[in-house]
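Chemist: everything below, folded, please.
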Amino acid sequence: MQQKTSFWHSAYSNLASMKLTVFLFLALAMGSLIGTLLPQGLTELELQNRFGPRAVWWIQTLGLHDVYHTGWFRVLLVLLSANLIVCSIQRLPKTLKLIKRREERIKPEKLSKFTYHFELTSRLPLNEVELRLPKIIAQEFGPVRTLPDSNAYGGVSEKGRFSPLMVYVVHASVLLILVGALIGSIFGFKGFMNITEGDTAHEVILSSGQGALALPFAVRCDDFDVSFYDTGAPQEFRSDLSIVEDGREVVKRPIRVNDPLSYRGITFYQASYGAVIKNAEVEFQETGSGKVFKINLPYMRPVTIPGTSDQLQLIEYRQDFSHFGPALAIALLREGKESTGSWILVDRPEFHGNRVEDYRVKVLKADQSYFTGLQVKRDPGVWLVWLGFTTLLLGIGSTFCMSHRKIWVWAAPVNPGQSSTKVVVAGRTNKSPLAFEREFKRVCDRMQAGLQSNDPKRTDQV
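Modeler: Residues are numbered from 1 along each chain as shown. Presented below is the predicted three-dimensional model:
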C-alpha cells in the first residue's frame with residue numbers, strides 16, 4: 001500500500017515538472033511543424049511518387065502524413081493538459097493565500113526600509129491628518145482601507161490585487177485550446193469527394209487512408225464553371241452545390257475558393273476540379289480487312305465489336321496527355337487472352353500511335369463533363385480553440401499590463417501633546433517599477449501639499 005501511494009505521489013510530482021512542460025511544448029511544436037511542411041492526407045500512391053520506399057515506411061509508420069489524428073499526437077495533448085492542470089492545482093493555493101492576506105498593523109520602521117518611501121511632518125493635528133489622508137490617496141491612487149490602531153493612523157490602498165490570477169487565465173486558455181484540438185482530432189475528420197456535374201454523392205474519402213465515411217445527407221453538384229487566364233491557367237472555378245436530406249433540398253448555394261459551404265458542422269471547400277468522360281463515339285478500322293466500325297463507348301462499360309467476340313472498354317480520360325492534348329484510354333478484351341489497350345489522342349486523328357492491336361482508332365466525338373473536387377472537413381472542437389485563443393490574448397495582455405501596486409500610510413503625533421504629525425508613506429509593485437515610481441511621486445507631492453495647509457479646501461484644489 002505504501003509503494004502504491006509512493007508511485008502516485010511520484011507521478012503527480014513529475015506531472016508538475018516545468019521540464020516536462022518545456023519538453024511537451026517542443027514535441028507538439030515539432031509535430032505541428034511536420035504537419036505544416038509535409039502535405040497531409042496524401043495517399044500511398046502519392047507518397048510513393050514523392051518519396052522513396054524507406055521514407056514512405058517511416059511516414060506511414062509514424063503517421064506523419066496525418067499528424068493531427070495520430071495516437072502519439074493525442075497522447076502529447078493529453079499529457080500537456082494534465083501537466084497544466086497539476087501545475088495550476090499545485091500553485092493556486094499559494095496565490096490565493098497571498099491575495100487573501102491582509103495586514104492588521106503597520107510598523108513605521110518597516111516602511112522606511114521600502115525602496116519607495118517618503119516621510120513628512122505636518123503641522124496639522126492627527127485627527128485632521130486622518131480626515132485628509134484617505135481623500136488625497138483615493139483621488140490619486142485608490143480607496144484606503146483603515147487599519148485599527150489606538151495610538152496612530154494606518155491605512156492601505158492597493159490596485160490590481162487579483163492580477164496574479166491572470167497567469168491562471170493563460171493556463172485555462174491553453175487548456176481550452178488543447179481540449180479543442182483533442183476533440184477535433186478524435187471526433188473530427190478530413191477528406192475529399194469528387195462529384196460530377198448533375199451527380200450526387202454522400203461518401204467522403206478520408207485523408208487518413210482509413211476508407212470512406214458516409215455523410216448523414218447527400219451533396220449534389222448542380223453546375224460547375226471554370227474561367228481561364230490567357231495563359232491557360234485557371235482564373236476561378238465555382239461549384240453550385242445543393243444539400244439533399246431526406247429527399248428534400250435543404251441548402252443551395254455556390255462555393256468558390258476561400259468561400260466554403262458549411263452545414264451541420266461539416267464544411268465543404270472548393271479544392272480542385274477535373275474532366276471526366278461520359279461516352280465517346282469512336283471509329284475502328286481493322287487493318288487486315290479494312291472494315292470500319294463506329295461504336296459508342298460509354299465510360300467503363302464494355303461494348304462488343306459487331307461480328308466478333310472482342311470487346312472494347314473506355315477506362316480513362318485525360319485532358320492533357322503528355323502535352324498532346326486530350327486522350328482516351330481504350331482497352332481491348334479478348335477471350336482467353338490478356339487485355340491490351342492504348343492511349344488514343346482525341347484531337348490528332350491521323351496520329352500513327354492511335355492503334356489498339358490490329359485496329360486503327362479515330363475519335364469522332366467525346367462527350368466530357370467536369371467534376372468538382374471538394375475538401376470536406378469537420379472539427380467540432382474549433383469553437384473551443386477560438387475561445388481559447390481569445391481568452392489567451394486577453395490573459396497575456398492582462399498579465400503584462402496589470403500589476404499589483406500597494407501603498408501603505410502611517411501617521412502619529414511627533415511628540416505627545418504636540419499638534420504636529422509625522423507621516424510615513426511606502427509603496428511596492430510587482431512589475432513596471434518606472435510607472436509606479438511616477439505614480440508614487442504624484443501621491444507624495446499631493447500629500448505634501450495637502451497636509452501643510454490649515455485650509456481643508458486646499459486638499460481638493462491641489
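Chemist: quickly note the distance from Val414 to Asp149.
Modeler: Computed with C-beta to C-beta, to the nearest Å, the distance linking Val414 and Asp149 is 16 Å. Yep, even glycine has a C-beta here, placed from its N, CA and C like the rest.
Chemist: my guess is Leu345 contacts Val361. True?
Modeler: No: Leu345 is beyond contact range of Val361, at 9.5 Å (criterion: C-beta atoms under 8 Å).
Chemist: can you give me the helices in the protein?
Modeler: 2-15, 18-37, 44-50, 53-62, 71-100, 108-111, 126-140, 166-187, 382-401, 433-450, 458-461 (DSSP state H).
Chemist: just so I know, which of those lies nearest Val251?
Modeler: helix 382-401 (20.0 Å; C-beta to C-beta).
Chemist: what sits up against the closest one?
Modeler: Residues from elsewhere that reach helix 382-401, judged by C-beta atoms under 8 Å, 6 or more residues apart in numbering: 163, 166-167, 169-170, 172-181, 183-184.
Chemist: out of the helices of the chain, which gets nearest to Ser369?
Modeler: The nearest among those, by C-beta to C-beta, is helix 44-50 at 24.6 Å.
Chemist: give me the mean pLDDT for that closest one.
Modeler: The pLDDT scores in helix 44-50 average 76.
Chemist: in that helix, what counts as buried?
Modeler: Leu47 (16 or more other C-beta atoms under 10 Å).
Chemist: with stretch 303-311 instead?
Modeler: By neighbour count on 16+ other C-beta under 10 Å, the buried set for stretch 303-311 is 303, 305, 310-311.
Chemist: got it, and stretch 230-246?
Modeler: Applying 16+ other C-beta under 10 Å to stretch 230-246 flags 237-244 as buried.
Chemist: of these, which belong to strands?
Modeler: 237-244 (DSSP state E).
Chemist: farthest pair within the residues you listed?
Modeler: Once C-beta to C-beta is applied, these give Phe237 and Val244 as the farthest pair, at 22.3 Å.
Chemist: leaving out the residues flanking it, which one is nearest to Met447?
Modeler: Leaving out its chain neighbours, the residue that sits closest to Met447 by C-beta to C-beta, 6 or more residues apart in numbering is Ile136, at 5.2 Å.
Chemist: circling back: between Leu345 and Val361, what contacts are shared?
Modeler: With C-beta under 8 Å, 6+ apart, Leu345 and Val361 have common neighbours Asn354.
Chemist: mind checking how far Met300 is from Leu345?
Modeler: With C-beta to C-beta as the criterion, Met300 and Leu345 are 20 Å apart.
Chemist: out of those two, which sits in the busier spot?
Modeler: More crowded of Met300 and Leu345, by other C-beta atoms under 10 Å: Leu345, with 20 against 10.
Chemist: could you give the bridge partners of the more buried one?
Modeler: Ala327 (DSSP bridges).
Chemist: tell me the contacts of it?
Modeler: Leu345 touches 321, 324-327, 351, 353-354, 363, counting by C-beta under 8 Å, 6+ apart.
Chemist: for Val425, same thing?
Modeler: 111, 117-119, 407-410, 443-444, 447.
Chemist: may I ask which of these has the most neighbours?
Modeler: Counting neighbours by other C-beta under 10 Å, Val409 leads the contacts of Val425 with 27 neighbours.
Chemist: got the contact list for it?
Modeler: With contact set as C-beta under 8 Å, 6+ apart, Val409 has these partners: 133, 137, 144, 153-157, 423-425.
Chemist: now, which of the residues you listed lie within strands?
Modeler: 153-157, 423-425.
Chemist: could you dump these to a markdown table with pLDDT and distance to Phe192?
Modeler: Listed next are those as a markdown table, based on pLDDT from 0 to 100; distance: C-beta to C-beta, whole Å:
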| residue | pLDDT | distance to Phe192 |
| --- | --- | --- |
| Tyr153 | 91 | 76 |
| Gly154 | 91 | 72 |
| Gly155 | 91 | 69 |
| Val156 | 93 | 65 |
| Ser157 | 92 | 63 |
| Val423 | 93 | 76 |
| Val424 | 94 | 74 |
| Val425 | 94 | 70 |
